[in-house]
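Student: Need coordinates for the below:
(one chain, ligands or ions: 2)
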Amino acid sequence: MSDQNIRGGFSGRSPRPDGHYSHRNRHVGASKPFENDSFGSKESMSRGRGKSFHHVSPGSGWKHCIDKTPSNCVYRAKSPAPDVSANSLEAGGSNMKQPESLDALDSVHGNDDLHSLSTPDSKESHLDVNRIQIGETPKKEADDAASFKLKTDFSGKVKVADIQEESSLPSKANAEDQAVSLEKGAKNLEGIGGFRFDICPPKTGTPVMLKPSLLVKNRQKRNEMKLSMEAQIGSELRSGMVLLKSYLSLSDQVKIVKACQGYGLGPGGFYQPSYHGGGRLHLKMMCLGKNWDPETSKYEDIRSADGAKPPNIPTEFYQFVSKAIQDSQVIIKGNSKVRNVEAELPWMSPNICLVNFYSTTGKLGLHQDKDESRESLAKGLPVVSFSIGDSAEFLYGDHRDEDQAQKVKLESGDVLIFGGKSRHIFHGVSTIFRDTTPKTLQEETNILPGRLNLTFRQY
Ligand SMILES: O=C(O)CCC(=O)C(=O)O
Ligand SMILES: [Fe+2]
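Tutor: Residues are numbered from 1 along each chain as shown. Ligands and ions are numbered 1, 2, ... in the order given. Okay, here's the model as predicted:
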């Protein structure tokens with residue numbers, strides 16, 4: 001098979017010349033737990049970053065740098081900025097709820113959306129994957145909205161439980177379709193091949209460790225907040241590619257992790273994707289919205305490997321994505337007023353989210369994301385990527401060549417966006433840096449060592 005597809009990209013179904021495989025070359029196969037996720041060779045050092053980070057004066061928001069070189073101006077949030085996302089959302093005039101209310105998700109995308117509902121049992125501390133809740137109070141904006149709601153309690157545990165019917169649902173047939181799919185999925189709670197992957201396993205009693213004093217914990221938290229405020233910088237790495245450092249607040253990261261834990265354990269949850277020949281991909285994966293099938297390199301509404309319907313993308317994820325694109329466009333505009341920002345980084349509304357969990361030895365070979373629709377690719381609609389947990393070395397470049405690739409460290413809370421002229425970049429993950437998960441995130445979620453990555457796309 002040729003390495004070039006019709007759009008000129010690398011065909012994801014072909015093995016790499018060096019014997020490694022691209023992300024898009026994976027195939028579903030036997031499920032096995034992952035003990036050793038290493039693959040691929042070590043990358044050599046890059047030829048340097050495209051753009052350097054520059055600070056601007058605190059309190060000024062977006063500013064031009066003294067050095068007017070295009071694309072090296074950056075955003076620095078007003079200081080103090082206790083909660084990056086909350087600030088951004090206010091600035092954007094969004095209806096984003098405050099953190100406490102994040103467990104009540106509203107539907108915005110018809111029956112593709114899930115609601116996460118806060119309930120009295122939200123004080124329970126155990127995962128409950130036996131019930132699926134469908135509906136609760138019908139909402140105005142949910143006119144043609146979710147017939148079924150996966151109950152995800154961001155505050156600590158997840159309900160994939162209780163199926164109830166919402167009487168005022170507009171489309172009964174649609175609801176039934178989904179019920180079938182969810183019931184089918186419910187039977188598959190064990191996941192593909194009996195695999196079930198909890199990114200936040202319950203803490204066990206042993207080993208006994210001395211708890212840090214409150215004082216030490218508070219100091220730790222303060223340092224993390226300080227660090228995250230200091231690091232809150234946006235930078236255009238190249239045309240159409242923006243890195244938003246420490247963009248997701250710790251509390252939002254906690255919520256995202258807990259949501260992914262819940263979705264990951266339910267129907268359509270995490271599984272171990274494998275290559276056609278049985279070789280395993282070095283990460284765990286699940287999809288929200290639509291399923292990306294490694295076997296065919298195509299998107300589908302139902303995961304063909306087990307018949308599960310992918311969980312829907314929660315509304316608040318959309319809001320994070322929208323705000324990130326908006327803020328990235330501001331960065332681009334700030335770099336050069338004459339440019340047409342939409343051409344450089346177009347807007348998009350995601351209906352797909354690939355969720356990867358890398359163990360500390362996880363890797364992902366250089367590949368292009370090019371299985372979205374022709375139109376989406378032609379328009380350069382961006383991929384928006386969230387990094388949470390351990391830091392990673394991210395490679396990117398115009399060629400499928402690790403030696404030529406540039407490198408950037410992606411840390412917990414960073415958001416990376418690549419669209420426009422950068423939509424077809426080759427990219428991958430060469431290294432996960434152990435023990436770099438923020439302590440607070442680890443303590444509040446018990447997330448496994450490793451990295452959670454969410455990439456949003458519009459089909
Ligand atoms: O983990 C990452 O940062 C990249 C993931 C990715 O490229 C993908 O899922 O297509
Ligand atoms: Fe990718």
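Student: OK, contacts around the residue in the stretch 101-250 of the chain that ligand 1 sits nearest to?
Tutor: Closest to ligand 1 within the stretch 101-250 of the chain is Leu243: 11.4 Å, counting by Cβ to the nearest ligand atom. (Each C-beta comes from the backbone N, C-alpha and C, glycine too.) Contacts for Leu243 (Cβ atoms under 8 Å, 6 or more residues apart in numbering) come out as Gly234, Ser235, Leu237, Val408, Leu410, Asp414, Val415, Leu416, Ile417.
Student: Mind doing that once more with 6 Å?
Tutor: Counting by Cβ atoms under 6 Å, 6 or more residues apart in numbering, Leu243 touches Ser235, Leu237, Leu416.
Student: Scan these and report the most crowded one.
Tutor: Leu416 (26 neighbours; other Cβ atoms under 10 Å).
Student: If that one is in a bridge, with which residues?
Tutor: Residues in a beta bridge with Leu416, per DSSP bridges, are Leu243, Ser385.
Student: how about low-confidence regions in the stretch 301-450 of the chain?
Tutor: Applying pLDDT under 70 to the stretch 301-450 of the chain flags residues 337-339.
Student: Enumerate the residues of it near ligand 1.
Tutor: Leu354, Asn356, Leu364, Asp369, Ser385, Phe394, His427, Val429 (Cβ under 6 Å from any ligand atom).
Student: quick one: which of those residues is most hemmed in?
Tutor: Going by other Cβ under 10 Å, His427 tops those with 27 neighbours.
Student: which secondary structure element contains that one?
Tutor: strand 426-433 (DSSP states H and E).
Student: Going by proximity to ligand 1, name the top residue of the stretch 351-459 of the chain.
Tutor: Closest point on the stretch 351-459 of the chain to ligand 1, by Cβ to the nearest ligand atom, is Asn453, at 3.5 Å.
Student: Need phi/psi at the residue nearest to that residue when sequence neighbours are not counted.
Tutor: Leaving aside its sequence neighbours, Asn453 sits nearest to Asn356 (Cβ to Cβ, 6 or more residues apart in numbering; 4.5 Å). With angles defined as degrees, to the nearest 10, Asn356 sits at phi -110, psi 140.
Student: Beta-bridge partners for Asn356, please?
Tutor: Beta-bridge partners of Asn356, as defined by DSSP bridges: Met285, Asn453.
Student: got a list of what it touches?
Tutor: Leu283, Met285, Asn453 are the contacts of Asn356 under Cβ under 6 Å, 6+ apart.
Student: make it 8 Å
Tutor: Leu283, Lys284, Met285, Leu364, Arg451, Leu452, Asn453, Leu454, Thr455.
Student: Farthest pair within the residues of the stretch 301-450 of the chain next to ligand 1?
Tutor: Greatest spacing in these, by Cβ to Cβ: Leu354 and Phe394 (15.1 Å).
Student: what about His399, neighbour count?
Tutor: 12.
Student: ok, now Asn340?
Tutor: For Asn340, using other Cβ under 10 Å, the count is 8.
Student: Just say helix, strand or coil for Thr437.
Tutor: Recorded secondary structure, Thr437: coil (DSSP: H, G, I helix; E, B strand; the rest coil).
Student: From Ser412, how far off is it?
Tutor: Here the criterion is Cβ to Cβ, to the nearest Å. By it, Thr437 lies 6 Å from Ser412.
Student: shared neighbours of the two, which are they?
Tutor: Shared contacts of Thr437 and Ser412 (Cβ under 8 Å, 6+ apart): Gly389, Asp390.
Student: For the stretch 201-350 of the chain, which segments count as strands?
Tutor: 233-238, 241-244, 273-275, 284-288, 291-293, 298-300 (DSSP state E, counting those that start in this stretch).
Student: just those: most buried one?
Tutor: With neighbours taken as mean count of other Cβ atoms under 10 Å, these reach their highest mean count in strand 241-244, at a mean of 28.
Student: Just the mean pLDDT for it, thanks.
Tutor: The average pLDDT for strand 241-244 rounds to 98.
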